[in-house]
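In: okay, structure incoming, though there's no sequence with it:
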C-alpha cells in the first residue's frame with residue numbers, strides 16, 4: 001500500500017503539462033506535491049518500520065535526491081516529445097531500483113523484511129520482469 005502510493009505519485013509526473021506559460025507555477029506545485037508525498041511516505045515508513053531518527057534522515061535524503069533526479073529525466077524525455085511509454089518506465093525503474101538498493105543499506109534486517117512484505121518485493125519483481133523483457137528486445 002505504501003509502494004502503491006509511491007507509484008501513483010510517480011505516474012503523476014508522467015502527466016505533466018507541456019504548456020510553457022504555466023511551467024513555473026507548475027514547478028512550484030510539483031515541488032510542493034513532491035515534498036508532501038515524501039513526508040507522507042516517510043511517516044508511513046516510520047510508523048510501520050519503527051525507524052530511528054537517523055534512518056528517517058537518510059531515507060528522506062535518498063528519496064528527495066532520487067525523485068528529483070527522476071523527475072528531471074522524465075521532464076527531459078517529455079520535452080523531447082517521446083511517446084514510447086517503455087522509455088518512461090525505464091527511467092522510473094532505474095530510480096526506483098536505486099532507492100530500493102539505498103533503502104536496503106539504511107534499514108536493518110527486520111525492517112528490510114517488513115519493507116519487502118509491504119510490497120517492495122512485488123515491485124522489485126515487476127521491475128526485474130520489465131528489465132528482462134527489455135533485454136529480450
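Out: Arrived safely, thanks for sending. Small disclaimer: the values here were computed from a predicted structure and weren't measured.

In: so who does residue 77 touch?
Out: By CB atoms under 8 Å, 6 or more residues apart in numbering, the contact list for residue 77 reads 87, 88, 91. The way it works is simple: take the backbone N, C-alpha and C, and place the C-beta from them, glycine included.

In: tell me the contacts of the first one?
Out: Pointing back at residue 87 there. residue 77.

In: quick one: which helix or strand includes it?
Out: Per DSSP states H and E: residue 87 is located in helix 85-106.

In: how far off centre is that helix?
Out: 7 Å (CA atoms, centre = their mean, to the nearest Å).

In: buried ones in it?
Out: 88-89, 91-93, 95-97, 99-100, 102-103, 106 (16 or more other CB atoms under 10 Å).

In: how near is residue 105 to residue 126?
Out: According to CB to CB, to the nearest Å, residue 105 stands 22 Å off from residue 126.

In: coming back round to it: closest one of the contacts of residue 77 to residue 60?
Out: Comparing the contacts of residue 77 against residue 60 with CB to CB places residue 91 closest, at 21.9 Å.

In: any idea how far residue 74 is from the closest one?
Out: 6 Å.

In: once you drop chain neighbours, what's closest to residue 67?
Out: In this structure, residue 67 finds its nearest non-sequential neighbour in residue 34, 5.9 Å apart by CB to CB, 6 or more residues apart in numbering.

In: hmm, residue 71 and the one you found touching each other?
Out: Yes. In this structure, residue 34 is within contact of residue 71 by CB atoms under 8 Å, at 7.3 Å.

In: around the residue nearest to residue 67, count how many other residues there are.
Out: 18 (other CB atoms under 10 Å).

In: same question for residue 59.
Out: Neighbour count of residue 59, defined by other CB under 10 Å: 22.

In: just the buried residues of the helix or strand hosting it, please?
Out: For residue 59, the host element (DSSP H and E) is helix 53-79. Applying a neighbour-count criterion of 16+ other CB under 10 Å, one finds 55-56, 58-59, 62-63, 66-67, 70-71, 73-75, 77-78 buried in helix 53-79.
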